[in-house]
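>>> Quick one: sequence plus predicted model below, questions after.
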Amino acid sequence: MSLTYKKADPLVHGAVKNLTCITEANKQPHHEEQYYYVFWVSHVDNVHMSGGLNKSQVKKWLEISDEDFDKKLDLKEFFCKVCDSESNTAFARLAKIGDKTCINCLE
Ligand SMILES: [Zn+2]
């Protein structure tokens, strides 16, 4: 995988090595816009989450296209892609390396 260093959340010091996933934030009744969480791995392999971003902010800050956005958007982030069970381990792996597989399916 090629390393791409992008500017991410201005509140976070770090460069984005890998954008692992985008998830939808729960929509608040007083918000008209949909907000997202972005999970990404920094150049020193720390997992970060940037929240409270709308789609255009996500695309601008992470420098991604509509296609990339759709590819990274995961609406079932807690469900293992193999067995479809709800699992925190699947989500942890998704956020860290972009692979949504639970611990049971890895063994
Ligand atoms: Zn599984």
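That came in fine, so what should we check first?

>>> what residues does this structure put near the ion?
C80, V82, C83, C102, C105 (CB under 5 Å from the ion). Where C-beta positions appear, they are placed from N, C-alpha and C, glycine not excepted.

>>> which of those residues are buried?
Neighbour counting with 16 or more other CB atoms under 10 Å marks C80, C102, C105 as buried within the residues of the chain next to the ion.

>>> now the residues of the chain next to the ion in a markdown table, with pLDDT, secondary structure and distance to K71?
Shown next, in a markdown table, are those (pLDDT from 0 to 100; DSSP: H, G, I helix; E, B strand; the rest coil; distance: CB to CB, whole Å):
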| residue | pLDDT | secondary structure | distance to K71 |
| --- | --- | --- | --- |
| C80 | 98 | coil | 19 |
| V82 | 98 | coil | 19 |
| C83 | 98 | coil | 22 |
| C102 | 98 | coil | 21 |
| C105 | 98 | helix | 22 |
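
>>> Need the residues you listed in CSV (columns: distance to K72).
Shown next, in CSV, are the residues of the chain next to the ion (distance: CB to CB, whole Å):
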residue, distance to K72
C80, 18
V82, 19
C83, 22
C102, 20
C105, 21
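
>>> show me where this structure has strands.
6-7, 15-24, 36-42, 47-53 (DSSP state E).

>>> Residues in a beta bridge with the residue nearest in space to the middle of the chain, which ones?
What sits nearest the mean C-alpha location of the chain, by CA atoms, centre = their mean, is C21, with 2.4 Å. Beta-bridge pairing of C21 under DSSP bridges involves F39.

>>> isn't it right up against G98?
Yes. The pair C21 and G98 qualifies as a contact (CB atoms under 8 Å) at a distance of 6.4 Å.

>>> what's the domain layout of the chain?
Using automatic domain parsing, the domain ranges for the chain come out as 1-75, 76-107.

>>> Would you mind finding the most buried of these?
domain 76-107 (a mean of 16; mean count of other CB atoms under 10 Å).

>>> Endpoint to endpoint, that one covers what distance?
End-to-end span of domain 76-107 (CA to CA, to the nearest Å): 22 Å.
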